[in-house]
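>>> predicted structure and sequence below. I'll ask about it afterward.
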Amino acid sequence: MGYDESMKETNLRPKIRSTTIVAVKREGQVAIAGDGQVTLEHTVLKMGARKVRRLYQERVIAGFAGSVADAQSLSDKFESKLEASNGNLTRAAVEFAKEWRTDRMMRKLEAMMIVTDGTLIYILSGDGNVVEPDDGVAAIGSGGMFAASAAKALVRNTSMGAREIVQEAMRIASEICIYTNDKITVDSLP
């Protein structure tokens with residue numbers, strides 16, 4: 001992987017931008033969508049990465065934004081917290097966020113997560129945050145704010161279901177954010 005001379009002078013690594021994730025809770029359903037694009041600086045490295053996956057006996061959905069290796073490590077660690085808490089999403093999220101913030105190695109991991117059990121939605125980050133959105137819309141990643149804006153407008157102004165909203169929000173984000181594409185993965189829980 002190359003870098004230009006200005007990066008060499010300032011000792012910076014090339015910036016990998018790797019996703020947009022959006023989640024919506026509506027009428028008893030939670031859906032999470034993620035795009036497939038992985039970008040290095042000004043180059044698309046991959047178009048069809050899968051950043052939304054099922055955890056804990058298929059009962060929890062997680063979406064990951066950030067470094068792929070870091071997200072995989074965090075996913076495995078979060079799933080072990082789910083196992084230890086018998087699937088209690090809140091307990092697992094709080095314990096996971098505490099460890100992520102305090103563990104010397106985990107603190108260096110560059111990623112964020114959205115997790116849901118079909119009832120609750122949490123945004124998890126390495127600074128110890130466990131955030132439940134007030135309005136049932138959560139988004140992370142490079143195009144997260146574009147997707148969140150679109151999802152909020154769709155929730156307020158349409159009768160679309162959660163799956164349709166996250167798909168359309170991702171499509172809109174892909175039209176605006178250069179780090180987001182329209183190769184979308186969607187999963188939902190009733």
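Everything's here; your move. Numbers count the residues shown, from 1 in each chain.

>>> and stretch 132-145, what's buried?
133, 136-144 (16 or more other CB atoms under 10 Å). (C-beta placed from N, C-alpha, C; glycine too.)

>>> and it, what's its mean pLDDT?
For stretch 132-145, mean pLDDT rounds to 96.

>>> repeat for stretch 154-166
Here the average pLDDT along stretch 154-166 is 98.

>>> quick one, helices of the chain?
5-10, 68-84, 89-102, 144-157, 162-176 (DSSP state H).

>>> which of these is buried the deepest?
For these, the largest average neighbour count (mean count of other CB atoms under 10 Å) is found in helix 162-176, namely a mean of 22.

>>> packing partners of that helix?
strand 20-26, strand 29-34, helix 144-157, strand 185-189 (3 or more CB pairs under 8 Å, 6 or more residues apart in numbering; DSSP states H and E).

>>> nearest to G48, of those?
Nearest of those to G48, taken as CB to CB: strand 185-189 at 8.9 Å.

>>> now do the closest one and strand 20-26, the angle between them.
For strand 185-189 against strand 20-26, the angle between stretch directions is 30 degrees (axes from the mean of the first three to the mean of the last three CA atoms, to 10 degrees).

>>> which secondary structure elements does strand 185-189 sit against?
strand 29-34, strand 52-55, strand 60-66, helix 162-176.

>>> same list, the ones you listed, but as CSV with distance to A148 please.
Formatted as CSV, the helices and strands packed on strand 185-189 follow (distance: least, CB to CB, whole Å):
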stretch, distance to A148
strand 29-34, 12
strand 52-55, 16
strand 60-66, 12
helix 162-176, 8
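
>>> with respect to R104, which of these lies nearest?
The nearest among the helices and strands packed on strand 185-189, by CB to CB, is strand 60-66 at 18.4 Å.

>>> next, the angle from the closest one to helix 89-102.
Using the same axes, to 10 degrees, strand 60-66 lies at 30 degrees relative to helix 89-102.

>>> report the distance from strand 60-66 to the chain centre.
The chain centre lies 4 Å from the centre of strand 60-66; the measure is CA atoms, centre = their mean, to the nearest Å.

>>> in a markdown table: the helices and strands packed on helix 162-176, plus distance to V94.
As requested, these are exported to a markdown table (distance: least, CB to CB, whole Å):
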| stretch | distance to V94 |
| --- | --- |
| strand 20-26 | 19 |
| strand 29-34 | 19 |
| helix 144-157 | 22 |
| strand 185-189 | 20 |
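
>>> indicate which one of these is closest to I176.
Of all the helices and strands packed on helix 162-176, it is helix 144-157 that lies closest to I176, at 4.8 Å by CB to CB.

>>> just checking, what packs against the closest one?
Judged by 3+ CB pairs under 8 Å, 6+ apart, helix 144-157 is in contact with strand 20-26, strand 137-141, helix 162-176.

>>> tell me which of those sits nearest to D70.
Ranking the helices and strands packed on helix 144-157 by their distance to D70 (criterion: CB to CB) puts strand 137-141 first, at 13.2 Å.
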